[in-house]
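Chemist: Model the structure of this input:
(2 chains, ligands or ions: 1)
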Amino acid sequence: MAAVGSSVARKDGIGKATGGAKYADDITFPGMLFGRTIRSTIPRGRIRSIELDFDRTGFTIVDYRDVPGKNAVDLMSQDQPFLVEREVRHMAEPILLLAHEDREKLAAARVKIEYEEDTPLFDPEKSEQVFKSIDIVKGDVVAALARADVIVEGTYRTGHQEHIYIEPNGVIAVPEDGGVAIHGSVQCPFYVLKALRCLLGSAHPNVRVIQTETGGGFGGKEEYPSMIAGHAVLLALKSGRPVKIIYDRVEDMIATTKRHPAIVRHRTGLTRDGRLVAMDIDVLFDGGAYVTLSPTVLSRGCIHAAGPYRCDDTRIQGRAVFTNTPPNGAFRGFGAPQTEFAVEVHMERIAEQLGIDPVELRRINALRPGDRTATGQILRDDCSAHMVLEAAVKRTDFARKREQYKGTNRTIGLSLFFHGAGFTGAGERNLKSKARLELTPNGVRIATGSTEIGQGTRTMHAQIVTDALGIPYEDVEVAQPDTSKVADSGPTVASRTCMVVGKILEECAHELKEKLGGLSPAEYYVRNGPLTVERMYEPPDWIQWDDNTYLGDAYATYGWGCDVVELELDPDTYEARPVKVTAVQEFGRPIHPALARGQIEGGTAQGLGYALLERVVMRNGAMANSTLTNYTIPTTLDMPEMDVVMLENPYPGGPFGAKGLGELPMDGPAPAVVNALRHMGLDVREIPATPELIAGCRTIA
Amino acid sequence: MRSATSLDDALRILRDERRTPVAGATDLYVALNFGTLEQKRFLDIWAVEELRGISERGDMLVLGALATYTSLIRSPLVARRLPMLVEAARQVGGVQIQNRGTVGGNIANGSPAGDSLPVLAAADAVVVLRSVDGERRVLLTQYYTGYRATVMRPDELIVAIEVPPVEGKQWFRKVGTRAAQAISKIVMAGVRSSHPRIAFGSVAPTVVRVSRTERVLASTGDIDEGAGVLAEEIAPIDDIRSTAEYRLRVATNLLRRFWAETS
Ligand SMILES: Cc1cc2nc3c(=O)[nH]c(=O)nc-3n(C[C@H](O)[C@H](O)[C@H](O)COP(=O)(O)OP(=O)(O)OC[C@H]3O[C@@H](n4cnc5c(N)ncnc54)[C@H](O)[C@@H]3O)c2cc1C
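Modeler: Next up, the predicted model:
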């Protein structure tokens, strides 16, 4: 029986179910110290003085002067210091590091910092410091708007969102022969490696990064671990001892990245019968105090901003700007949930203003193979916008329910969405990702930097290799990512781990099979000894992309989805309670149906939380509700019945036809919820749509 | 941490030393974890069986201070006499918290969002305090002197809660920040009788009985008038969980719902 397409046992299942799996905080090293970060308590200003108000015996103390290389996190630009030198740009910014072997002494140490405070900037609309701006122009939007029968405008807002991976950020730095090793909860070991090389400079050439079992990431462990790993390394090098830093939940929520809040403006021209004529879109992302990954988040956000619709004349202008708040960063969906929320709510408002059924409006405009996207990409046969829309509408009996619920406190709404898989444009070509297969005495070992963060990387990669090589699933093992031992397969982000890395592994397996010449791996190993096959990713040759104009083939393929949400509104408390969600998603081919379903269910839950519950309360530039008590994510009782439908429309460039799936489910729930509320007459244009917001919201006549 | 196995033992320890009682620890542990717990010395009373029972004494329903939410949910006596407390108990935390959290702890902790408090306030419950010097009884509505401040002395323990017979239909509604594992943004308990008794949590520094609203409803029976008075009688605040405006509006909605459902 083929492994691909069946829900085989997870490679990491037993370890996790029995408690055997070792997470960063489960691991200790002899002589290990604990590290603590002293952070700024103002959002903007300069440090005037630092006073250590404790007995320093046994303490290791590090500040920016201890940085051997460059005091900058090496991401897209090197503007963010590991440790503040003088200038404070946001609350909870790291200033000083302490380490001690006694956790209580460490926690009790008092540091007094005096500041010269400046007036902070919190409003992104008032920010003049632009991290990145993007202008995607197709056709002539001004002329097209002038031609349009009807123009519909609107502004839509989305808030911060916290990742709430179950395991907070944590790493251990261990000095070893002529260098240092980092063991930690990370998504992208090679990103951390790059950052540490920059931090340490030429003084410490031997750095390696080992991913420990990781309790979730959702993008929150894409770039941030470079920071905490740098801190642990500085303390470890100064003390000469292993140093562990594990954030508690409050510190994790206050100090680490969140989803970018967004303000998106639409100005759309249409014919009277509902054809999109012009889309003029303005996207503003609050980047926080440093650049981090904002340019690429903005890029993905802008590319998805016109939604899965055809319109010849579009203009999408985007800016990611500075504010005195902790930097925002990668989060499942990477900018697309914000802009797809806006366009989908806007489409609903257009339908309302034109008096057209919202499903019909989408039928008229949804992309088909041969159509051009906002970046001018001509879609191929793996475009499934209509397929998911029709399937969802039929399965939910949408038209009838929409009619039937009118005037009751029950309602129904939908959203149509898409998500590009893999790095944008030339990204995959530039990455040059590699994957490796190594023969073992009993089978093969997969050696890549792709991380298992709960989503099923190990299992899914092993399934692909199993079938491509034609050996039993049990004979495939997966190496723990250690940058000194595995191939750099690129970061575990952007819904690329199956589609891209899985593809390289499939090709490795084919090559290996040829080399084995009909022998089983074990037989070959006995006769000839070890054998390794390593290959590099070759993106499809037809991909054309211009990084200056943002025109061309933004992604090799897209996943497509249509979510239908039914909900009830409590007339006394204004709580919107989802009672049923139907998630119809097309992503090529589910390699592991149970895991794929898990991604859709989990992503939909996260999307419902984003839509209704998850509100980051910022006060003076810091998260005021930084506990799981007061930042509420959905519990099982908040989750409705879920009907998940997985459709297949293979992408020829993916392993066994697979596209990316991880992020797609995040894009749909919020607009579907808000469109359902709109059908009830509630003019919501912002999320989270908390009961407080709904109570005060305008009703539609 | 010291442990007591009998009430006498516990009270003697509290007479001799300043110690913070620990019942289910579901509130204390949160503070400990956040590093906001000031106390360093504790007295574990979990094993004091005398404080655990639920019984009737005369016409009083007596809840031992250590009665857990689970025991309230399972008690036929409570179900018969004070069903709104069962309803409140079901909506506290999750199963683990219901197994450990106690009614005495909910009262002593004194959070204005404590879910059992409006029920006990509306039921005219009495808090029984005891020290080595003897016992005293305080109406729950007079037990709090301010935000998390109570009349309890450091050498006293809450030993029981006495609930007199409740005439009339009982009603309870919790409005949390989500469907479960939630702190109340507003919580209301009501008893519909010739003199309605109505209490709210999370609208003031302590749980409150809205006596002016009660009087208007008792004398006129006019819910519009009652809702109007309620809006003047309570002055909730904005906080990280909700807004004053929302709380006020929902409080009046709940009052109306209570009135309609208990008529
Ligand atoms: C996850 C979670 C969910 C929760 N959900 C809810 C909820 O939905 N609704 C709600 O109201 N509460 C909730 N709580 C709070 C808590 O569970 C309740 O307040 C519970 O009733 C406290 O009881 P306890 O026995 O655990 O108190 P403890 O934590 O043991 O004690 C709390 C305080 O009361 C004092 N104390 C305890 N017993 C006595 C006594 N007999 N005499 C004198 N002083 C005493 C202690 O010294 C301490 O100051 C939740 C807590 C958690 C952790």
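
Chemist: Give the buried residues for the lengthiest helix in chain A.
Modeler: Determined from DSSP state H, the single longest helix within chain A is helix A:336-354. For helix A:336-354, the neighbour count (16 or more other C-beta atoms under 10 Å in any protein chain shown) marks A:336-352, A:354 as buried. For every residue, glycine as well, the C-beta is placed using N, CA and C.

Chemist: In space, what's closest to the residue in the stretch 501-650 of chain A that the ligand sits nearest to - neighbours in sequence excluded?
Modeler: Closest residue of the stretch 501-650 of chain A to the ligand, C-beta to the nearest ligand atom: residue A:629 (7.4 Å). In this structure, residue A:629 finds its nearest non-sequential neighbour in residue B:183, 6.2 Å apart by C-beta to C-beta, 6 or more residues apart in numbering or on different chains.

Chemist: thinking that neighbour is in contact with residue B:241, fair?
Modeler: Yes: Residue B:183 is within contact range of residue B:241, at 6.5 Å (criterion: C-beta atoms under 8 Å).

Chemist: hey, what's in contact with both of these two?
Modeler: Residues within reach of residue B:183 and of residue B:241 at once, by C-beta atoms under 8 Å, 6 or more residues apart in numbering or on different chains, are A:630, B:177.

Chemist: Same drill for these two, tell me which one is more crowded.
Modeler: residue B:241 (24 against 20; other C-beta atoms under 10 Å in any protein chain shown).

Chemist: so where do the helices sit in the stretch 351-500 of chain A?
Modeler: According to DSSP state H, counting those that start in this stretch, the stretch 351-500 of chain A carries its helices in the segments A:358-365, A:385-396, A:398-404, A:427-431, A:457-469.

Chemist: Those into a markdown table, with extra columns for mean neighbour count, mean pLDDT and distance to residue A:41?
Modeler: Output for those, formatted as a markdown table (neighbours: other C-beta atoms under 10 Å in any protein chain shown; pLDDT from 0 to 100; distance: least, C-beta to C-beta, whole Å):
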| stretch | mean neighbour count | mean pLDDT | distance to residue A:41 |
| --- | --- | --- | --- |
| helix A:358-365 | 20 | 98 | 48 |
| helix A:385-396 | 20 | 98 | 48 |
| helix A:398-404 | 15 | 98 | 51 |
| helix A:427-431 | 18 | 95 | 38 |
| helix A:457-469 | 25 | 98 | 39 |
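
Chemist: Using TSV, lay out those together with distance to residue A:549.
Modeler: Listed next are these as TSV, based on distance: least, C-beta to C-beta, whole Å:
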stretch	distance to residue A:549
helix A:358-365	24
helix A:385-396	25
helix A:398-404	39
helix A:427-431	16
helix A:457-469	35
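
Chemist: for these, which one sits closest to residue A:494?
Modeler: With C-beta to C-beta as the criterion, residue A:494 lies closest to helix A:427-431 of these, at 8.0 Å.

Chemist: thinking again about what came up before, tell me which other helices or strands the longest helix of chain A touches.
Modeler: strand A:150-158, strand A:262-270, strand A:276-288, helix A:294-303, helix A:358-365, strand A:410-421, helix A:664-667, helix A:669-679 (3 or more C-beta pairs under 8 Å, 6 or more residues apart in numbering or on different chains; DSSP states H and E).

Chemist: Cross-check the contact I'm expecting between residue A:395 and residue A:643.
Modeler: Yes: the criterion here is C-beta under 8 Å, and residue A:395 meets it with residue A:643 at 7.2 Å.

Chemist: Need the overlap of contacts for these two.
Modeler: Residues touching both residue A:395 and residue A:643 (C-beta under 8 Å, 6+ apart): residue A:582.

Chemist: Could I get the CA-only coordinates of the host helix or strand of residue A:98 as CSV?
Modeler: Using DSSP states H and E, residue A:98 sits in strand A:94-100. Provided in CSV are the C-alpha atoms of strand A:94-100 (Å, rounded to 0.1, in the frame of the first residue of the first chain):
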residue,chain,number,x,y,z
PRO,A,94,16.4,43.8,25.6
ILE,A,95,19.1,45.9,27.4
LEU,A,96,21.0,43.6,29.7
LEU,A,97,21.4,39.9,30.2
LEU,A,98,22.0,38.1,33.5
ALA,A,99,22.8,34.5,34.2
HIS,A,100,23.0,32.5,37.4
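
Chemist: So for whichever helix or strand comes after it, what gets flagged as buried?
Modeler: Sequence order places helix A:103-108 as the next helix or strand after strand A:94-100, per DSSP H and E. Residues of helix A:103-108 classed as buried by neighbour count (16+ other C-beta under 10 Å): A:105, A:106.

Chemist: Briefly note if helix A:103-108 comes near chain B.
Modeler: Yes: residues of helix A:103-108 contacting chain B under C-beta under 8 Å from any C-beta of the partner chain: residue A:107.

Chemist: quick one: is the next helix or strand after that helix near chain B?
Modeler: Remark: after helix A:103-108, the chain's next helix or strand is strand A:111-117, criterion DSSP H and E. No: for strand A:111-117, no contact with chain B is found by C-beta under 8 Å from any C-beta; the gap never falls below 15.5 Å.

Chemist: Looks like residue B:14 contacts residue B:42 (just checking).
Modeler: No: the criterion here is C-beta under 8 Å, and residue B:14 misses it with residue B:42 at 11.3 Å.

Chemist: Overlap in contacts, the two.
Modeler: By C-beta under 8 Å, 6+ apart, residue B:14 and residue B:42 have these common neighbours: residue B:21.

Chemist: between those two, which one's more packed in?
Modeler: It is residue B:14, of residue B:14 and residue B:42, that has more neighbours when counted by other C-beta under 10 Å, with 23 against 17.

Chemist: State the pLDDT value of the spatially most central residue of chain A.
Modeler: The C-alpha lying nearest the average C-alpha coordinate of chain A belongs to residue A:332 (C-alpha atoms, centre = their mean; 2.4 Å). Residue A:332 is assigned a predicted lDDT (pLDDT) of 98.
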